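Novice: next input, structure requested:
(2 chains)
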Amino acid sequence: MPDTQTNILMALSDALAGAVAKAGASTVLVDARHRFPASGVVYADNLVLTADHVVEREEDIHIVLPEGSDTGARLKGRDPGTDLALLELDKGGLLPAEPVKQEARIGQFALAVGRPTREGLQASLGVVSAVGGPLRTRRGGLLERFLRTDAIPYPGFSGGPLVDSEGRILGINTSGFAPEASLTIPAAVAWQVADAIRAHGGVRRGYLGVRSQPVEISPEAQAHLGRAQESGLLLVGIEKNSSAALGGLMVGDIITGVNGSAVADHDALLASMSGDVVGKTISIEVLRGGEVRSLMVTVGERGQP
Amino acid sequence: MNGDSLNLPVTPLLNDEMAVLAGRLRRSLVQINNHRVGIGAGIIWREDGIILTNHHVGGRGQLSVILLSQGNAVYPARVIAADPEIDLAFLQIQASRLPPALVADSRNLHVGQLVFAIGHPWGQVGFLTAGIISSLDSATTRRGRQIPILRSDVTLAPGNSGGPLVNAAGGVVGINTLVIGGDQGVAIPIHLAQAFADQALQRAVVPEEVSV
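Specialist: Presented below is the predicted three-dimensional model:
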């Protein structure tokens, strides 16, 4: 007869240990800085996703694999905007981690996992405490969403995974945005960034060449828009020969939407410039003299002339 | 969703199990007053009055053991075996038919397993906290011996020292010992206590009476 006194508790304990073991089989030690090592998550056969801020050198990176063996690595590419970096290992055959397919839910169990020492895996238990965002970051970056947890971020956990009770990756933990407030980059964002680094060596962010400030939209103008939208972005400067200039945008236009989605503030405009938009032609909705216009603009790349 | 396949009222069952577990843990938990630095914790090791605690809690001096399971009855205690190197000590009180703690195998633990600590943090008697095993580590003692240690994310405070870290089945896997490494959440695996008991308690002469 099973011990009914402790059945579910023991099942929960086994499940949590199983989740740690599963995620741990794809969690490596990343030694790429002067201070103590950090952690990383296997993204593909010979590619490891980690936090950008722990990668202080681009060559001679030292990796300890889950089974304890060592290998070298070099930087494949980085995206400081999301504090993510992709490392290419000398050795292949690693087991890629499994990212979650659904959005994290506040209250669900979450385990922070890391491998900051040779002694083996480390983990702490908590819940998904909050889902936040957008967060504006360095170099025009924008983290559309982030997760917070009350699981303890032990030293060296940056670059390691936050995992669910099945051992799937909810996101990548980092203390790189604020050392006192660790946060988690959702798996969907992290894998998208890793895909971009693998394909292009980095994340290409769109650039229009405009300076703007948020302004109120009058009720009359909202009536023209055909929707309730109380603010937009007034263009106060346009670079010569920029995408915006070539697309016909003018100082005094108020941007109200991009590709059919409302743009009411800077975060929304930055969000529209992330993802795969460089070189694509997008439709920008503006108010000009109270009238709604739609302009077709081919997006440039941030940081490129 | 995963919950659909498990056709059980999970949270009421879980709460019941937790309450049963906590009750069982409190029965074999004791308070130790060393009349120096306040209250520590300990567990009933054997039904004939042998108590296990930390050396830094009950290794020396005038000692009293308070049995929570006997309406806070206070017993004078004396040290019958002490190993400062692994911070463990066995005490003897003149009592019998005590409920000993259930001891688990601490050589086969996994990171992520649920653990509970019970003790008297900041003097709060029988305080239960929960977490998981965070790492299976090792530490070097002052004499240079390598010993295994358990780290957990369970909240501990002064007053937890000498108390048990237990698994989901209610078995003691470690003795919470805050001093080693100066870290929170460090426990000495119970198999070290077992080995210490095997060699020390064989030799120890259980006294006929205790002079106070």
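
Novice: quick one: distance of the longest helix anywhere in chain B to the chain centre.
Specialist: Secondary structure of chain B per DSSP state H: the longest helix is helix B:10-27. Averaged C-alpha coordinates place helix B:10-27 at 18 Å from its chain's average position (CA atoms, centre = their mean, to the nearest Å).

Novice: go on, stretch B:136-145?
Specialist: 20 Å.

Novice: what pLDDT does residue 18 get?
Specialist: Picking chain A for this. Among the per-residue scores, residue A:18 shows a pLDDT of 98.

Novice: should've been chain B
Specialist: Checking the pLDDT column for residue B:18, the value is 92.

Novice: if we can go back for a sec, other SSEs contacting the longest helix of chain B?
Specialist: Contacts of helix B:10-27 with other secondary structure elements, assessed using 3 or more CB pairs under 8 Å, 6 or more residues apart in numbering or on different chains; DSSP states H and E, are made with helix A:7-24, strand B:114-119, strand B:164-167. Placement of C-beta: from N, CA and C, glycine included.

Novice: who touches the first one?
Specialist: Spelled out, it's helix A:7-24. Outside of helix A:7-24, the residues within contact range by CB atoms under 8 Å, 6 or more residues apart in numbering or on different chains are A:3, A:66, A:97-98, A:109, A:111, A:113, A:115, A:121, A:123, A:125, A:161, A:163-169, B:8, B:10, B:13-14, B:17-18, B:21, B:110-114, B:132-133, B:167-169.

Novice: buried subset of the residues you listed?
Specialist: Restricting the contacts of helix A:7-24 to buried positions leaves A:66, A:97-98, A:109, A:111, A:113, A:115, A:121, A:123, A:125, A:161, A:163-165, A:167-169, B:14, B:17-18, B:21, B:110-114, B:132-133, B:167-169, with burial counted as 16 or more other CB atoms under 10 Å in any protein chain shown.

Novice: so what's the closest residue to chain A within chain B up against?
Specialist: Distances from chain B to chain A, computed as CB to the nearest CB, single out residue B:112 as the nearest residue at 3.2 Å. With contact taken as CB under 8 Å, 6+ apart, residue B:112 is in contact with A:16-21, A:111, A:123, A:125, B:132-133.

Novice: what's the single longest strand in chain B?
Specialist: The strand spanning the most residues in chain B, taking DSSP state E as the definition, is strand B:127-140.

Novice: buried sites along that strand?
Specialist: By 16+ other CB under 10 Å, the buried positions in strand B:127-140 come out as B:127-137, B:139.

Novice: between that strand and strand B:114-119, how many degrees?
Specialist: Taking axes from the mean of the first three to the mean of the last three CA atoms, to 10 degrees, one finds strand B:127-140 and strand B:114-119 inclined to each other by 100 degrees.

Novice: helices and strands around strand B:127-140, which ones?
Specialist: Judged by 3+ CB pairs under 8 Å, 6+ apart, strand B:127-140 is in contact with helix A:7-24, strand A:122-132, strand B:114-119, strand B:146-152.

Novice: adjacent strands (with direction) for it?
Specialist: Applying DSSP bridges, strand B:127-140 is found paired with strand B:114-119 (antiparallel), strand B:146-152 (antiparallel).

Novice: now the angle from it to strand A:122-132?
Specialist: Relative orientation of strand B:127-140 with respect to strand A:122-132: 130 degrees, computed using the same axes, to 10 degrees.

Novice: now do the spatially most central residue of chain B, the pLDDT please.
Specialist: For chain B, the residue sitting closest to the mean C-alpha position, by CA atoms, centre = their mean, is residue B:164 at 2.4 Å. For residue B:164, the model assigns a pLDDT of 98.

Novice: could you point out which element follows the host helix or strand of residue B:65?
Specialist: According to DSSP states H and E, residue B:65 maps onto strand B:63-67. Downstream of strand B:63-67, the first helix or strand assigned by DSSP H and E is strand B:73-83.

Novice: deepest-packed of the helices and strands packed on strand B:127-140, please.
Specialist: Ranked by mean neighbour count under mean count of other CB atoms under 10 Å in any protein chain shown, the helices and strands packed on strand B:127-140 are led by strand B:114-119, which reaches a mean of 25.

Novice: and the helices in the stretch 101-250 of chain A?
Specialist: A:187-200, A:219-225, A:243-246 (DSSP state H, counting those that start in this stretch).

Novice: would you mark the buried spots in the last one?
Specialist: Translated: helix A:243-246. Under the neighbour-count criterion of 16+ other CB under 10 Å, helix A:243-246 has A:243-245 buried.

Novice: if we can go back for a sec, double-check that the residue of chain B closest to chain A belongs to a strand.
Specialist: No - under DSSP: H, G, I helix; E, B strand; the rest coil, residue B:112 sits outside any strand and is assigned coil.

Novice: how about it: what's its closest non-neighbour residue?
Specialist: In space, and not counting its chain neighbours, residue B:112 is closest to residue A:20: 3.2 Å by CB to CB, 6 or more residues apart in numbering or on different chains.

Novice: do residue A:280 as well
Specialist: Nearest non-adjacent residue to residue A:280, counting by CB to CB, 6+ apart: residue A:299, 5.8 Å away.

Novice: give the contact list for the one you found.
Specialist: If a contact means CB under 8 Å, 6+ apart, then residue A:299 has A:206-208, A:243, A:273, A:277-282 as its contacts.

Novice: which among these gets closest to chain B?
Specialist: Minimum separation from chain B among these (CB to the nearest CB) is found for residue A:277, which lies at 34.7 Å.

Novice: just the pLDDT at the closest one, thanks.
Specialist: What the model reports as pLDDT for residue A:277 is 88.

Novice: need phi/psi at it.
Specialist: Phi and psi for residue A:277, reported as degrees, to the nearest 10, are phi -120, psi -20.

Novice: so who does it touch?
Specialist: Taking CB under 8 Å, 6+ apart, we find residue A:277 in contact with A:206, A:299.

Novice: do you know how far it is from residue A:78?
Specialist: Summarising the geometry, the distance separating residue A:277 from residue A:78, computed by CB to CB, to the nearest Å, is 20 Å.

Novice: and for residue A:236?
Specialist: Taking CB to CB as the measure, residue A:236 falls 32 Å from residue A:78.

Novice: repeat for residue B:99
Specialist: Looking at residue B:99 against residue A:78, where the rule is CB to CB, the gap reads 59 Å.

Novice: next one: residue B:101
Specialist: Computed with CB to CB, the distance linking residue B:101 and residue A:78 is 52 Å.

Novice: show me the beta-bridge partners of residue 77.
Specialist: Picking chain A for this. In this entry, residue A:77 is beta-bridged to residue A:86, by DSSP bridges.

Novice: wait, I meant chain B there
Specialist: The partner list for residue B:77 in beta bridges (DSSP bridges) reads residue B:63.

Novice: ok, the residue of the stretch 1-150 of chain A found nearest chain B to residue B:132 distance?
Specialist: Each residue of the stretch 1-150 of chain A has a distance to chain B, by CB to the nearest CB, and the smallest belongs to residue A:20, at 3.2 Å. As judged by CB to CB, residue A:20 and residue B:132 stand 8 Å apart.

Novice: excluding residues flanking it in the chain, which one is nearest residue 200?
Specialist: Because you didn't say which chain, this covers chain A. Here the nearest residue to residue A:200 in space, its sequence neighbours aside, is residue A:77; by CB to CB, 6+ apart that works out to 7.9 Å.

Novice: please refer instead to chain B.
Specialist: Closest residue to residue B:200 apart from its sequence neighbours, by CB to CB, 6+ apart: residue B:81 at 3.6 Å.
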